[in-house]
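Enquirer: When you get a sec, could you give me coordinates for this:
(4 chains)
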There are 2 protein chains.
Amino acid sequence: MNERTDQDDRLATRLRAHGIAPTRQRLAIARVLLAAPQHLSADELLDRVRAAGGRVSKATVYNTLAVFARKGLVREVIVDPARVFYDSNTAPHHHFYNVETGELIDVEAPDLPLDRLPPPPEGTVAEGVDLVIRIRGAARA
Amino acid sequence: MNERTDQDDRLATRLRAHGIAPTRQRLAIARVLLAAPQHLSADELLDRVRAAGGRVSKATVYNTLAVFARKGLVREVIVDPARVFYDSNTAPHHHFYNVETGELIDVEAPDLPLDRLPPPPEGTVAEGVDLVIRIRGAARA
DNA sequence: TTAATTGCAAACATTTTGCAGGTTC
DNA sequence: GAACCTGCAAAATGTTTGCAATTAA
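Expert: Now for the predicted structure:
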């Protein structure tokens, strides 16, 4: 059981580094969500955490995701009115969103010359840039 | 009452040009939404249509907005998980979204060199590009 | 021990749906 | 008169909230 403990230690450290107290539930959620770059909705995440043996309530998943997002550990992706996606890839990048399948695909940011964006209106500050390319079709391999 | 009739005729023509049958309710909705470039949610639109004397049900507003969007008469803007905005400006452009006030502001598209976007994955076709600059702060004049 | 976190169920808000009645061409 | 449109109310969905019990530091 040392591997798992080591990994959890790393995760706990990472949470603390973001000012998040590493509780049992938050670790269970982080273990799933931060395992790899991916896009999950709250409900999907709840399913996966439970499938992995985690005991978490729905409310806690929503709470936790909001905390993670606020602390910059994950990124909210708003592309579908039906649900919010949480992206464990916090590096600057953009997305393809398949409106037919609901699939989200990362796009490398460097491809895009977004360095000279228009300046925000007076009195406001830019907080982030979201670029979404909506696509459709079956992305068969 | 000729002015209003003339304007309605123009709107009706515009709807027909998009393959939309110009019913009483759709005209009432179009009159409000297409009067100027603006961003309205379904509920806001319902209020305004009724304030203007239009008799429309909530269901019809949702139906109509979906039809307008599908036919390209308006554009859906997904920036807030809580509600969909409908943008009567169909020219290519982007948005500032004030996460504090919920305000949407148009950004001229030409400012952005989005001509060389990454190609969509095989088997899919790009349908549109949404660029949102999230801002915060009170945009006082 | 003191504040923070969790879980449950009820509450919410927006949007969708079923279907009867109207309207349009 | 056949197809389309509308309205109402009920349902569906994802998310939030209130509050008592639990846990973390």
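
Enquirer: Would you mark the buried spots in stretch A:81-94?
Expert: Buried residues in stretch A:81-94, counted by 16 or more other C-beta atoms under 10 Å in any protein chain shown: A:84, A:85, A:86, A:87, A:88, A:93, A:94. C-beta coordinates here come from the backbone N, C-alpha and C atoms, glycine included.

Enquirer: and that stretch, how far from the chain's centre?
Expert: Here the centre of stretch A:81-94 is set off from its chain's centre by 5 Å, with C-alpha atoms, centre = their mean, to the nearest Å.

Enquirer: Can you flag which of the buried residues of stretch A:81-94 belong to strands?
Expert: Among these, the ones falling in strands (DSSP state E) are A:84, A:85, A:86, A:87, A:93, A:94.

Enquirer: can you narrow those to ones near chain B?
Expert: Among those, proximity to chain B is found for residue A:84 (C-beta under 8 Å from any C-beta of the partner chain).

Enquirer: Closest to DNA strand C out of the buried residues of stretch A:81-94?
Expert: Closest approach to DNA strand C among those (C-beta to the nearest atom of the strand): residue A:84, at 13.5 Å.

Enquirer: Against DNA strand D, how distant is that closest one?
Expert: Residue A:84 sits 4 Å away from DNA strand D, going by C-beta to the nearest atom of the strand, to the nearest Å.

Enquirer: same question, residue A:91
Expert: The value you get for residue A:91 to DNA strand D, if C-beta to the nearest atom of the strand is used, is 23 Å.

Enquirer: same deal with residue A:107?
Expert: For residue A:107, the distance to DNA strand D - C-beta to the nearest atom of the strand - is 22 Å.

Enquirer: wait, is that residue part of a helix?
Expert: No: applying DSSP: H, G, I helix; E, B strand; the rest coil, one finds residue A:107 to be strand, outside a helix.

Enquirer: dump the residue contacts of the closest residue to it other than its chain neighbours.
Expert: Closest residue to residue A:107 apart from its sequence neighbours, by C-beta to C-beta, 6 or more residues apart in numbering or on different chains: residue A:94 at 4.3 Å. Residue A:94 makes contacts with A:106, A:107, A:109, A:112, A:130, A:131, A:132, A:133, as judged by C-beta atoms under 8 Å, 6 or more residues apart in numbering or on different chains.

Enquirer: In this structure the second one contacts residue A:96, no?
Expert: Meaning residue A:107. Yes: with contact defined as C-beta atoms under 8 Å, residue A:107 and residue A:96 form a contacting pair (6.1 Å).

Enquirer: just the ones in strands among the buried residues of stretch A:81-94 now: which is nearest residue A:20?
Expert: Of all these, residue A:20 sits closest to residue A:86, with 14.3 Å by C-beta to C-beta.

Enquirer: Let me know the pLDDT of the residue nearest to the closest one when sequence neighbours are not counted.
Expert: With sequence-adjacent residues excluded and distances taken as C-beta to C-beta, 6+ apart, residue A:86 is closest to residue A:74, at 4.8 Å. On pLDDT, residue A:74 comes in at 97.

Enquirer: you'd agree residue A:71 is up against residue A:17?
Expert: No: judged on C-beta under 8 Å, residue A:71 makes no contact with residue A:17 at a distance of 9.5 Å.

Enquirer: what does the longest strand seen in chain A contact?
Expert: If you go by DSSP E, chain A has its longest strand at strand A:125-136. Contact with strand A:125-136 is made by A:77-79, A:94-100, A:107, A:112, A:114, A:117, A:120, B:99, B:117-118, B:120-121, B:124-137, as judged by C-beta under 8 Å, 6+ apart.
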